[in-house]
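Asker: Model the structure of this input:
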Amino acid sequence: MCCYHRFFDGVHLGHRFLIEQVKELAKDKGLRSALITFPVHPRQVMKSDYRPELLTTPEEKIELLKAQGVDYCIMLDFTVELSQLSALSFMKDILQQRYNVSTLIIGYDHRFGHNRSEGFEDYVRYGQQIGMNVYRAQACMIDDLNISSSLVRTYLLEGKIDLSTRYLGYNYSIEGVVVGGYRVGRTIGFPTANLDLRESNKLIPSDGVYAVRVEVKGCLYAGMLNIGYRPTLDNGSKKSIEVHILRFDEDIYDEKIRLYFVSRIRSEMKFSGLDELIAQLKRDAAFVDSVLPR
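Answerer: Predicted coordinates:
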């Protein structure tokens with residue numbers, strides 16, 4: 001089996017470029033292709049108070065990996081015991097003996113094993129000792145940038161949705177359950193669905209107003225999303241995630257919905273009163289219609 005292992009957060013274009021290398025090498029050698037990943041960020045195992053801002057939940061990640069056309073996607077539990085294995089022990093005891101890996105591809109900047117103290121030359125030497133071929137993957141450079149999960153996170157936290165979409169290769173999304181809110185939006189002609197995110201480690205883009213696609217019961221609708229503290233309505237210190245779904249009037253309390261980020265409209269603003277807020281919301285809705293035609 002020809003294998004690559006990594007956390008694969010986001011399964012972005014950099015990951016996909018590497019996965020294609022795995023598939024090509026496996027084909028050349030007449031082997032099955034495999035990806036090994038972890039359901040929990042390794043740092044969470046080592047530091048219980050660590051709270052990552054993840055691009056994908058374990059379920060989202062495995063679905064994205066399966067869609068890349070490899071033969072096997074393996075979810076390996078990352079444990080304290082696993083973290084204490086040397087690189088040689090991991091290669092021999094886990095990759096070779098447990099999963100029958102004979103060819104290993106390693107990212108150009110990837111290190112593994114206890115304390116991540118060894119490098120590519122060490123992995124090649126260990127491979128020679130145990131009869132495993134070790135290759136270094138090429139980096140994915142787009143627009144003179146090394147595409148990484150950290151880069152995508154930075155763009156999302158800066159509200160640069162166009163760039164995050166470009167380097168992810170798809171629209172970033174969040175999912176949650178619709179819960180009761182303040183119901184103020186309904187009184188001004190812009191009812192909103194308030195979202196309770198069930199995945200606490202999922203990254204939330206920067207505060208502001210966004211054009212989004214809203215998936216409800218398998219159907220997609222245009223929506224405008226507000227992330228923030230609703231300063232005009234004096235929402236205090238409680239952050240809310242609420243979406244107005246255009247041309248939609250159904251009761252969806254307790255329904256699970258997914259929001260796909262398409263474009264950032266503006267920063268969150270405080271208005272002098274409801275009339276000024278309503279006028280801006282109408283402009284926001286017109287913008288959503290311009291980027292998400294019916």
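Asker: Which residue is the nearest non-sequential neighbour of C2?
Answerer: A26 (3.7 Å; C-beta to C-beta, 6 or more residues apart in numbering). C-beta coordinates here come from the backbone N, C-alpha and C atoms, glycine included.
Asker: Give me the phi and psi angles of that neighbour.
Answerer: Main-chain torsions, A26, degrees, to the nearest 10: phi -60, psi -40.
Asker: wait, doesn't it sit right on I19?
Answerer: No. When contacts are counted by C-beta atoms under 8 Å, A26 is not listed as touching I19 (10.5 Å).
Asker: re the thing from before, ok, now how distant is the residue nearest to C2 from Q128?
Answerer: Counting by C-beta to C-beta, to the nearest Å, the separation of A26 from Q128 is 20 Å.
Asker: ditto for G185
Answerer: The value you get for G185 to Q128, if C-beta to C-beta is used, is 65 Å.
Asker: Comparing these two, which residue is more hemmed in?
Answerer: Each of G185 and Q128 has its neighbours counted (other C-beta atoms under 10 Å); G185 has more, 20 against 11.
Asker: Would you enumerate the residues in contact with the more buried one?
Answerer: Counting by C-beta atoms under 8 Å, 6 or more residues apart in numbering, G185 touches P191, T192, E242, H244.
Asker: ok so the first one is a helix residue?
Answerer: Read that as P191. No. Counting by DSSP: H, G, I helix; E, B strand; the rest coil, P191 falls outside a helix, being coil.
Asker: That one: how many residues sit nearby?
Answerer: Neighbour count for P191, taken as other C-beta under 10 Å: 16.
Asker: any idea which residue sits dead centre in the protein?
Answerer: L55 (2.0 Å; C-alpha atoms, centre = their mean).
Asker: what's the nearest residue to that one if we skip its chain neighbours?
Answerer: G10 (3.4 Å).
Asker: same deal with S173?
Answerer: Y260 (4.7 Å).
Asker: How about the contacts made by that neighbour?
Answerer: Contacts of Y260 by C-beta under 8 Å, 6+ apart are N171, Y172, S173, V212, R213, V214, E215.
Asker: what's across from it in the sheet?
Answerer: Per DSSP bridges, the residues bridged to Y260 are S173, R213.
Asker: show me the contacts for the residue nearest to the centre of the chain.
Answerer: L55 neighbours (C-beta under 8 Å, 6+ apart): D9, G10, H12, S149, V152, R153, L156, L168, Y172, L203.
Asker: Distance from the helix or strand where the fifth one lies to the middle of the chain?
Answerer: I take that to be V152. Taking DSSP states H and E as the criterion, V152 maps to helix 149-157. Taking C-alpha atoms, centre = their mean, to the nearest Å, the mean C-alpha location of helix 149-157 is offset from the chain mean by 10 Å.
Asker: Show me which positions of it end up buried.
Answerer: S149, L151, V152, R153, Y155, L156 (16 or more other C-beta atoms under 10 Å).
Asker: these two touch, right, L195 and E255?
Answerer: No. Contact between L195 and E255 fails when scored by C-beta under 8 Å: they sit 10.5 Å apart.
Asker: Compare neighbour counts for the two and give me the winner.
Answerer: L195 (23 against 13).
Asker: does that one count as helix, strand or coil?
Answerer: With three-state DSSP as the basis, L195 sits in strand.
Asker: Distance check, it against E242.
Answerer: In terms of C-beta to C-beta, L195 sits 7 Å off from E242.
Asker: can you list the domains in this structure?
Answerer: According to automatic domain parsing, the chain comprises the domains 2-146, 171-291.
Asker: what's the straight distance from one end of the longest one to the other?
Answerer: Same thing as domain 2-146. This stretch, domain 2-146, spans 24 Å end to end (C-alpha to C-alpha, to the nearest Å).
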